[in-house]
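Enquirer: need the 3D shape of this:
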Amino acid sequence: MNKKKDFEKNGFVIIKNFLSEQKCNKIIRKIKKIKEIRKKNNLYVGDQRTEVIFNFFYEEPSLLKLLSNKIIDKFMRQKLDKYYVLQVNSARNAIFSTNKQKSAAGYRWHKDNRFINKKSIKPNVLYSIIICLDEFNEFNGATEYIPNSHKSYEIFKRYQNKKNIKKILANKGDLVFLHGNLLHRVGKNLKPNTTRWSIFAFYTPWWIKPSINYKKLMNSHNKILNNLDKKILHFDSTPSENIEDFSLDLLKKKGVNSKKK
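Expert: Below is the predicted model:
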């Protein structure tokens, strides 16, 4: 079965060896440093069950290349169009914990695609990725999903039949493309002293509002960003603040269609 058919059938596809083991370990070390910096500044880094570092590339711009590269670009162009953008992103680590208090987002069953009037938007307007910085196995919190759930656009139940649950098992360094309509959740880390670091990111059409003003956030790094970086960070699709700009054709105004791009 080819990758395209595999994705349509299962709601996800695994690209092997996207990153080397050495590269994964290096990235994890950088993320841990960012986590400590944010903790000292009393910024959000998750909870006792899940460490969460949103927009991890702010302190370390080189990490943006995890989300802005040829492999992801090719996939998103095919599924959305060439004007797709980044909607939200985070580095996450599922931690072994006996704490039963409310945890970080992701532990309840959910679909990443957007909903209107309790129905998932069709055609799908969101696709996500998982970069496995650690192995995703049966014991360390691998993502769980309900088979064939990406084929239904009706509202779903938060609590599903456990007999239908499967796990996305992948090796360290693998890249997973996930259908936005696939019902899934974070698995529980059942093994003490283990980690399950990963990168999650959502991509949408340019006209969907991002979770943060990336252009403002990353403006100080403007000189080191290439055209693809700027495009996915909404540099070309941020609404104008000029009262004379009546047109909503933001992409054309900002030169995305020009030959220079």
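
Enquirer: tally of neighbours for residue 182?
Expert: Neighbour count of residue 182, defined by other Cβ atoms under 10 Å: 24. (C-beta placed from N, C-alpha, C; glycine too.)

Enquirer: residue 132 reaches residue 198, doesn't it?
Expert: Yes: using Cβ atoms under 8 Å as the test, residue 132 is close enough to residue 198 to be in contact (5.5 Å).

Enquirer: how far does stretch 175-189 stretch from one end to the other?
Expert: Stretch 175-189 stretches 20 Å from its first residue to its last (Cα to Cα, to the nearest Å).

Enquirer: residue ranges with poor pLDDT in the stretch 1-150 of the chain?
Expert: For the stretch 1-150 of the chain, applying pLDDT under 70 flags the ranges 1, 100-105.

Enquirer: show me where it has its helices.
Expert: Along the stretch 1-150 of the chain, counting by DSSP state H, counting those that start in this stretch, helices occupy 3-10, 21-40, 70-79.

Enquirer: now the angle between helix 70-79 and the shortest one, please.
Expert: What it means is helix 3-10. Calculated by axes from the mean of the first three to the mean of the last three Cα atoms, to 10 degrees, helix 3-10 forms an angle of 60 degrees with helix 70-79.

Enquirer: packing partners of the biggest strand by length in the chain?
Expert: Longest strand in the chain, counting residues (DSSP state E): strand 85-94. With contacts defined as 3 or more Cβ pairs under 8 Å, 6 or more residues apart in numbering; DSSP states H and E, strand 85-94 has these neighbours: strand 50-54, strand 197-204, helix 227-232.

Enquirer: the residue lying closest to residue 143 once chain neighbours are set aside and residue 239, how far apart?
Expert: Excluding its sequence neighbours, the residue lying closest to residue 143 (Cβ to Cβ, 6 or more residues apart in numbering) is residue 168, at 4.5 Å. In this view, residue 168 and residue 239 are 36 Å apart by Cβ to Cβ, to the nearest Å.
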